[in-house]
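J.: Structure for the following, please:
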Amino acid sequence: RHPLFTGVSEAACRELAADTRAELHRRAADLLASDGDHERAAAHLLHAAATADPFVVAVLRDAAAAACARGDAATARRLLVRALDEPPQAAIRPELLVELARAETAAGAPEAVAHMDEAVASIQDHGRAALVLRELSRLHFARSDYATAAMVAEQALAVAGPHAPNRDRLQATWLLAASL
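T.: Next up, the predicted model:
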């Protein structure tokens, strides 16, 4: 029994149209979010219709970060997938993909590599792209795909350029991957 429908029969709840249920979940999420309870709001947003609302994306990301912080990568992943479905604004999408890939990595989901690749392809800032490529290289390394890890680390070095402030970290990643 759903707490929002206390006093309402199960049959009456089932009879609600899907769009009505989705709207009620959205209203509940708005109320909870206005009280600062983003985690409970996000649980309702999983059942609300996508409306391309930046606030919804922010609430889902906040709740996903909280889930990751407590070690619940599966919940974080589910929330971030829903945030992508909203969809987010174009400028936010690459970082959302990186967050999703991190949660997927922690959850052991194979889609992490594809989401990280997609993020890298859409990041315009070379310094940021290099850091995400480094992270992708480390992901391949952790999966014992050393040749790909070295190739991606080399790509990170090329994207960063010779005077990048974090070049030493990029080189260390490449050296480690290339040595195996």
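
J.: pLDDT-wise, which helix or strand of this structure ranks last?
T.: The least trusted helix or strand in the chain, going by mean pLDDT, DSSP states H and E, turns out to be helix 10-15, with a mean of 65.

J.: which regions of the chain sit below the pLDDT cut-off?
T.: In the prediction, the chain carries residues with pLDDT under 70 at positions 1-15.

J.: need the helices for the protein, in chain order.
T.: Using DSSP state H, the helices of the chain run over residues 10-15, 18-34, 38-45, 54-69, 73-85, 93-107, 112-122, 126-142, 146-160, 167-178.

J.: CSV please, covering those and showing mean neighbour count.
T.: Using the backbone N, CA and C atoms, a C-beta is placed for each residue, glycine as well. Converted to CSV, those look like this (neighbours: other C-beta atoms under 10 Å):
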stretch, mean neighbour count
helix 10-15, 10
helix 18-34, 16
helix 38-45, 22
helix 54-69, 20
helix 73-85, 22
helix 93-107, 22
helix 112-122, 19
helix 126-142, 20
helix 146-160, 20
helix 167-178, 16
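
J.: residues contacting the spatially closest residue to Leu45 that is not a sequence neighbour?
T.: Nearest residue to Leu45 in three dimensions, chain neighbours excluded: Ala29, at 4.7 Å (C-beta to C-beta, 6 or more residues apart in numbering). For Ala29, the contacting residues are Ala41, Ala42, His44, Leu45, Ala48, Val56, Val59, by C-beta atoms under 8 Å, 6 or more residues apart in numbering.

J.: Compute the distance between Ala29 and Ala69, please.
T.: Distance of Ala29 to Ala69, computed by C-beta to C-beta, to the nearest Å: 21 Å.

J.: With Val159 instead?
T.: Applying C-beta to C-beta, the value for Val159 to Ala69 is 30 Å.

J.: for Asp35, same thing?
T.: 20 Å.

J.: Spatially central residue for the protein, please.
T.: Closest to where the C-alpha atoms of the chain average out (C-alpha atoms, centre = their mean) is Leu100, at 2.5 Å.

J.: so what's it up against?
T.: Residues in contact with Leu100 (C-beta under 8 Å, 6+ apart) are Arg77, Leu80, Val81, Leu84, His115.

J.: Which single one of the residues you listed is nearest to Ser122?
T.: Distance to Ser122, by C-beta to C-beta, is smallest for His115 among the contacts of Leu100, at 11.0 Å.
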